[in-house]
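1. Provide a 3D model corresponding to the input given below.
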Amino acid sequence: MSVKAVAWDIDGTLADSEPLHEKVLFEVCQHFGADISDLPQDHFRGVHMGDVWAELKDRFSPDTSEEAWQKAIIDTYVARRAEVKAMHGAVETVKALASVGIRQGCVSNSSRRIVDANIAALGIAPYLDFSISLDDVEHGKPDPEPYARACRRFDLAPGQVLAVEDSFAGFASAVGAGLATAFYAPAGGGIEGADHVIADLRKVRDLIDEETVPA
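-> Predicted coordinates:
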């Protein structure tokens with residue numbers, strides 16, 4: 001099938017937000033008395049916060065609640081959203097696809113408030129049909145549910161939607177839902193099974209068959 005819509009991951013794909021996520025996670029954990037400095041950089045890349053908490057909860061005192069910890073992370077991130085920058089070519093590509101009628105949505109493993117903060121920081125809301133956050137699904141990535149929901153929102157078959165992802169969890173979610181996939185690896189490398197591997201987001205435009213664009 002020809003691609004008629006693009007489902008974008010946000011963190012690490014459209015938005016260079018991972019540095020802020022890491023700083024906020026470290027600072028909030030430190031505030032609650034948990035040291036995570038032993039964990040490698042990008043350890044939680046693409047992982048939703050419920051799973052992050054599950055891995056870290058034993059580092060906190062028994063009186064620390066997941067709700068308070070997550071709220072502190074979200075509040076801190078949203079307050080510092082001006083630090084979020086677009087990945088190279090991201091906004092340019094979103095606008096270019098919109099100009100030729102390609103529908104677009106965002107599919108994220110982040111909470112609704114963080115999704116909205118990122119979209120606002122990038123200024124891409126006018127070009128999106130919708131966004132899906134972790135709050136909108138029962139199961140986040142790597143479960144297929146987020147991308148399956150995106151296809152229903154587009155009212156398109158999965159093979160007509162291209163998922164652009166930079167994480168293993170996101171890629172697994174898109175593959176599980178049956179979408180075409182472009183794995184974004186700006187530093188090189190890739191992932192087995194991806195339909196496309198790209199180092200430049202502007203290449204997404206080249207993957208779209210212009211003949212399928214609606215008049």
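2. check contacts around residue 203.
-> The contact partners of residue 203, by CB atoms under 8 Å, 6 or more residues apart in numbering, come to 182, 196. In short, each C-beta sits where N, CA and C put it, glycine included.
3. And it, what's its pLDDT?
-> If you check residue 203, the pLDDT there is 96.
4. Helix, strand, or coil at it?
-> Three-state assignment for residue 203 (DSSP: H, G, I helix; E, B strand; the rest coil): helix.
5. Quick one: the strands in this protein, in order.
-> According to DSSP state E, the chain carries its strands in the segments 5-8, 15-16, 85-86, 103-107, 130-132, 161-165, 180-184, 196-198.
6. now the fifth one: how far from the chain's centre is it?
-> Distance of strand 130-132 from the chain centroid (CA atoms, centre = their mean, to the nearest Å) equals 11 Å.
7. Would you quantify the distance from the nearest residue to residue 201 once chain neighbours are set aside to residue 178?
-> Distances taken as CB to CB, 6 or more residues apart in numbering place residue 89 nearest to residue 201, at 4.2 Å, with adjacent residues excluded. Going from residue 89 to residue 178 by CB to CB, to the nearest Å gives 27 Å.
8. Just give me the neighbour total for residue 72.
-> By the criterion of other CB atoms under 10 Å, residue 72 has 16 neighbours.
9. Let me see the contact set for the nearest residue to it once chain neighbours are set aside.
-> Of all residues not flanking residue 72 in the chain, residue 28 sits nearest, at 4.8 Å (CB to CB, 6+ apart). Residues in contact with residue 28 (CB under 8 Å, 6+ apart) are 69, 72, 73, 76.
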